[in-house]
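> give the three-dimensional model of this entry:
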Amino acid sequence: MKKLIRVFVPFATGVLFAVGLGVSGMTEPSKVIGFLDVFGGWDPSLAFVMVGAVGVSAVFYRLSFRCSAPWCEERFFLPTKKSLDFSLIFGAVLFGVGWGVSGLCPGPGLASLMTGKGYGFVFVVSMIAGMVVAKVYQAKGPFARPALSKSKGA
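Numbering: from 1, shown residues only. Next up is the predicted model:
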C-alpha cells in the first residue's frame, strides 16, 4: 500500500498542478510575457495565480511541521544552506531571463507539451540541454565540487 501511495500521490499532485496551469492560461507564453510587460499591455492575472500558489504552499508548509514524516518519503528534505553564492544568484538571473524571453518556466513548459504546440517541445528540449550543460560545467568548470577523497589508511 505504501508503494502505491508513493507513486499515486506525486502523480496526482503533478496532474492537478498541470491542470491548474492549463486552466489559468500559464502554458501560453503570451500570458506570461503580458505579465512581465509592466510598461505596455500589462496583464495582472499571473499575480493572482502566484498569490494562490504561495497561499496554498504556505498553508501546507506550516501543516507539514505537525507531521512526523511526509506521506511519500521516510523524512523531510529541507534546505540547509543559508548563504547566497555566485552560482545561486547567477542561476536565478538566468532563470528569470529565460522566463522573460520564452514566456515559460519548467512547470508550464512541461504542461504545455500536452497542448501539442511546438513551443512546448522546443522549450523542454532546450531545458534538458541546459541541464546537461550545467551538470558538465559543475563537474569540470570553475565551480566544480571537489571529489570526495578516500580517508588515509583505507
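> tell me what the host helix or strand of A139 is packed against?
Take DSSP states H and E as the rule and A139 turns out to sit in helix 118-140. Applying 3 or more CB pairs under 8 Å, 6 or more residues apart in numbering; DSSP states H and E, we find helix 118-140 packed against helix 106-111. In this view, the C-beta of every residue, glycine as well, is placed from N, C-alpha and C.
> only the buried residues of the helix it packs on, if you could.
Residues of helix 106-111 classed as buried by neighbour count (16 or more other CB atoms under 10 Å): 107-111.
> can I get those residues in JSON lines with pLDDT and distance to K135?
What follows is the buried residues of helix 106-111, written out as JSON lines (pLDDT from 0 to 100; distance: CB to CB, whole Å):
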{"residue": "G107", "pLDDT": "87", "distance to K135": "21"}
{"residue": "P108", "pLDDT": "88", "distance to K135": "23"}
{"residue": "G109", "pLDDT": "88", "distance to K135": "19"}
{"residue": "L110", "pLDDT": "89", "distance to K135": "19"}
{"residue": "A111", "pLDDT": "88", "distance to K135": "24"}
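> returning to that earlier point: mind checking how far the helix holding A139 is from the chain centre?
On the basis of CA atoms, centre = their mean, to the nearest Å, the separation between the geometric centre of helix 118-140 and that of its chain is 14 Å.
> tell me the mean pLDDT for it?
The predicted model assigns helix 118-140 a mean pLDDT of 88.
> please apply the same query to stretch 46-65.
In this model, stretch 46-65 has a mean pLDDT of 90.
> how distant is it from the center of its chain?
A distance of 15 Å separates the C-alpha centroid of stretch 46-65 from that of its chain, computed with CA atoms, centre = their mean.
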